[in-house]
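Asks: here is the input, now give the coordinates:
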Amino acid sequence: MYTYATLNFAVMLIVGGVMLFKPVKLPWKQLGAVLFLLLILTSIFDSLIIANGIVAYDTLKTLGIYIGRAPIEDFAYTIAGVIIVPYLWKRYADKD
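Replies: The predicted structure is shown next:
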């Protein structure tokens, strides 16, 4: 039986593998600020959509750690997005 943490691990493994394949220099200080803001927004909006019954999680497949109503596993996609989007932008679109 798969859990949300297993899926998160697979996603993070792919993100890490992509970044190790061809490293690029990223503005980590700015990414940290963006990540902080997006984690706050994720906690607010995920809690709202869960509270309104739009999304539901199988509690047997979560770690049991929640921020608001959102399981901690839900935040991995925010972290992955904050890392992989700038990486891909620098790697393929930015020709500096």
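
Asks: C-alpha from now on. contacts and neighbour counts both.
Replies: Noted.

Asks: show me the longest helix that occurs in the protein.
Replies: Longest helix in the chain by number of residues (criterion: DSSP state H): helix 28-51.

Asks: which outside residues touch the helix or strand of the chain with the lowest mean pLDDT?
Replies: Between all helices and strands in the chain, the lowest mean by mean pLDDT, DSSP states H and E belongs to helix 4-21, at a mean of 89. Residues from elsewhere that reach helix 4-21 (C-alpha atoms under 8 Å, 6 or more residues apart in numbering): 61-63, 73, 76-77, 80, 83-84, 87.

Asks: what is the neighbour count of I14?
Replies: 14 (other C-alpha atoms under 10 Å).

Asks: gap between it and A80?
Replies: The gap separating I14 from A80 is 10 Å, by C-alpha to C-alpha, to the nearest Å.

Asks: packing partners for the longest helix of the chain?
Replies: Applying 3 or more C-alpha pairs under 8 Å, 6 or more residues apart in numbering; DSSP states H and E, we find helix 28-51 packed against strand 70-71, helix 76-88.

Asks: can you add mean pLDDT and give the ones you listed back as TSV?
Replies: Formatted as TSV, those follow (pLDDT from 0 to 100):
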stretch	mean pLDDT
strand 70-71	94
helix 76-88	93
